[in-house]
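Participant: can't give you the sequence, but here's the structure:
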């Protein structure tokens, strides 16, 4: 069965420092991987996706994620965090070629302090 | 804005009321979804429609009744809800891969 894990409930980072939000996945085939961000009282906003190709994917707002097949990971990164990046981040997975739906992780709350 | 709208944004209802949530997208997407988001719980997929046909119902209680009259509109009809149904209800749509979410309806059941 497909699953995705976000091992950290919360990540705290100082503004200007690099940030990483972790995600690992489990699928039987090749994965489609996604990151979403949710600001308070808002819906989820799509940040980036990995389907195939280059393992380093660049997305919105300066975020990027690195697909690592051997470690079954898809960590979200940003070189320099902003206070406005504080939000809830969700990783999601879908099995390649399937009609399947997205399976979401439980979310990681990112807090960036000035 | 993602192009997916939801109304109302906030709803308070009693356990005996009947209400409906509405979702609309004009992105040309062919799939639409209802999710439930409760505090401290993972996002729960409730229903999926592809080309107006329901393709998934994740063991959702019958007090939640979806309707998809066309590819652009999705409704969630609510009746005799329980307080534990209070949550943020999110609608999403997709064409190929990524899903685009509406802002959600914050539902409170008294």
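Facilitator: Arrived safely. As the structure is a computational prediction, the values presented were derived from the model and not from experiment.

Participant: okay, CA-based contacts and neighbour counts for the rest of this
Facilitator: Will do.

Participant: and the residue nearest to residue A:73 when sequence neighbours are not counted, how many neighbours does it have?
Facilitator: Setting aside the residues directly before and after it, residue A:73 is nearest to residue A:24 in space (C-alpha to C-alpha, 6 or more residues apart in numbering or on different chains), at 4.2 Å. For residue A:24, the neighbour count with other C-alpha atoms under 10 Å in any protein chain shown is 22.

Participant: ok, now residue A:62?
Facilitator: Counted with other C-alpha under 10 Å, the neighbours of residue A:62 add up to 12.

Participant: Next, give phi and psi for residue 78.
Facilitator: You didn't pick a chain, so chain A it is. phi -150, psi 130 (degrees, to the nearest 10).

Participant: wrong one, I was asking about chain B
Facilitator: phi -120, psi 130.

Participant: Can you verify my assumption that residue A:47 contacts residue A:38?
Facilitator: No. Contact criterion C-alpha atoms under 8 Å: residue A:47 and residue A:38 do not qualify, at 10.1 Å.

Participant: Looking at these two, which has the bigger crowd around it?
Facilitator: Using other C-alpha under 10 Å as the criterion, residue A:47 and residue A:38 rank with residue A:47 on top: 22 against 18.

Participant: For that one, give its distance to residue A:62.
Facilitator: 10 Å (C-alpha to C-alpha, to the nearest Å).

Participant: Which residues lie in contact with residue B:14 in this structure?
Facilitator: Each residue near residue B:14 by C-alpha atoms under 8 Å, 6 or more residues apart in numbering or on different chains is listed here: B:81, B:109-110.

Participant: Quick check: chain neighbours aside, which residue is closest to residue B:59?
Facilitator: That would be residue B:46: by C-alpha to C-alpha, 6+ apart, it lies 7.7 Å from residue B:59.

Participant: before we move on, what about residue B:12?
Facilitator: residue B:108 (4.7 Å).

Participant: ok, the helix or strand where that neighbour lies: who's next to it in the sheet?
Facilitator: Residue B:108 is part of strand B:105-109, with elements assigned from DSSP states H and E. Strand B:105-109 has its sheet partners listed here by DSSP bridges as strand B:10-13 (parallel), strand B:87-94 (antiparallel).

Participant: to the chain's geometric centre, what's the distance from that strand?
Facilitator: Mean-position distance between strand B:105-109 and its chain equals 12 Å (C-alpha atoms, centre = their mean, to the nearest Å).

Participant: Show me which residues of chain B sit near chain A.
Facilitator: Residues of chain B found near chain A (C-alpha under 8 Å from any C-alpha of the partner chain) are B:2, B:40-43, B:90, B:98-104.

Participant: farthest-separated two in those?
Facilitator: Using C-alpha to C-alpha, the residues of chain B next to chain A span at most 24.9 Å, a distance reached by B:2 and B:40.

Participant: More neighbours: the two, which one.
Facilitator: residue B:2 (17 against 9).

Participant: Nice, that's everything, thank you.
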